[in-house]
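**Q** Provide a 3D model corresponding to the input given below.
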Amino acid sequence: FLYCAAILFTFQVGARVGRHVGWAAAVILLLNAEFAYQYHLAMSDNFYSTGFLGLLAFAARVMDRPSIARFVLLGGGVVLLALVRQEAAPFVLLGGIAFLLPAASWKTRAIMGASFFAGLASGMALWSTYNYVRYDDFTISRGSTGLFLLRAFTKHRLVYAENGPASRALVEAVSRDLLPREPYRSYGITSEVFFRTPDLR
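**A** Numbers count the residues shown, from 1 in each chain. Next up is the predicted model:
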């Protein structure tokens, strides 16, 4: 479904120039084996690629039929895409299409641009509020620091009590305050999953 939607969005974006361009772009993408391959795997690339093309297709529709509601939705769409991949953050520049609207007064363009940023800010505020309520951290993304910690604990196994007093305190805190709780207890997760004994050879 995502693959077919991506092809359709590509056609819609190309059709802004002309239907022949839309068909050519869709066929080229359809014949691109690397693009098709990613849709055979379960990963965020599928959602990001389709979301990226869908956002562009919607932006083209917004330019054809601009309205306050559509610009609000466009701003919200940028937030949704950024939640899939943080690399989508530069798409805030899509708000600039409000000032490229043909046959529109500068007042209308300003209102449309403000509507885009209202949708953008609302989506960011809602997600940040969720993170604050859930994690006590009012921020858009919490993944960057957590990813490095996850790799340090589960892949590279860099943390163990013999590292020093701070590491020993961390091992004791996790073993005492975290692992006995759900869902870790039901999964049978022990301190050996997170910490390792140093190789003294």
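**Q** name the helix or strand of this protein that has the lowest mean pLDDT.
**A** helix 143-150 (a mean of 55; mean pLDDT, DSSP states H and E).
**Q** need the contact list for the residue nearest the centre of the chain.
**A** Geometric centre of the chain, nearest residue: V84, 2.0 Å, by C-alpha atoms, centre = their mean. By C-beta atoms under 8 Å, 6 or more residues apart in numbering, V84 lies in contact with 44, 47-48, 51. Where C-beta positions appear, they are placed from N, C-alpha and C, glycine not excepted.
**Q** need the residues you listed in JSON lines (columns: pLDDT).
**A** Formatted as JSON lines, those follow (pLDDT from 0 to 100):
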{"residue": "S44", "pLDDT": "83"}
{"residue": "F47", "pLDDT": "91"}
{"residue": "Y48", "pLDDT": "91"}
{"residue": "G51", "pLDDT": "93"}
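**Q** can you tell me how far S44 is from T139?
**A** S44 sits 19 Å away from T139, going by C-beta to C-beta, to the nearest Å.
**Q** now L29. Nearest residue, chain neighbours left out?
**A** T10 (5.0 Å; C-beta to C-beta, 6 or more residues apart in numbering).
**Q** which strand or helix spans the one you found?
**A** Element membership for T10, per DSSP states H and E: helix 2-14.
**Q** buried residues, the next helix or strand after that helix. List them.
**A** Next in sequence after helix 2-14, counting helices and strands by DSSP H and E, comes helix 19-30. By neighbour count with 16 or more other C-beta atoms under 10 Å, helix 19-30 contains the buried residues 22, 25-26, 29.
**Q** report the next helix or strand after helix 19-30 in sequence order.
**A** helix 33-38.
**Q** check which element follows that following helix along the chain.
**A** Past helix 33-38, the next helix or strand by DSSP H and E is helix 44-64.
**Q** just how off-centre is that next one within its chain?
**A** Taking C-alpha atoms, centre = their mean, to the nearest Å, the mean C-alpha location of helix 44-64 is offset from the chain mean by 13 Å.
**Q** repeat for stretch 118-129
**A** 14 Å.
**Q** pull the residues that contact it.
**A** 71-76, 78-80, 83, 92, 95, 138-140.
**Q** can we see that at 7 Å?
**A** With contacts defined as C-beta atoms under 7 Å, 6 or more residues apart in numbering, stretch 118-129 is touched by 71-76, 78-79, 83, 92, 138-140.
**Q** and the buried residues of helix 19-30 as a markdown table, adding pLDDT and distance to A59?
**A** Below are the buried residues of helix 19-30 laid out as a markdown table (pLDDT from 0 to 100; distance: C-beta to C-beta, whole Å):
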| residue | pLDDT | distance to A59 |
| --- | --- | --- |
| G22 | 93 | 15 |
| A25 | 94 | 16 |
| A26 | 94 | 18 |
| L29 | 91 | 18 |
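**Q** let's have the residues you listed in TSV, adding distance to L100.
**A** Listed next are those as TSV, based on distance: C-beta to C-beta, whole Å:
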residue	distance to L100
G22	20
A25	21
A26	25
L29	26
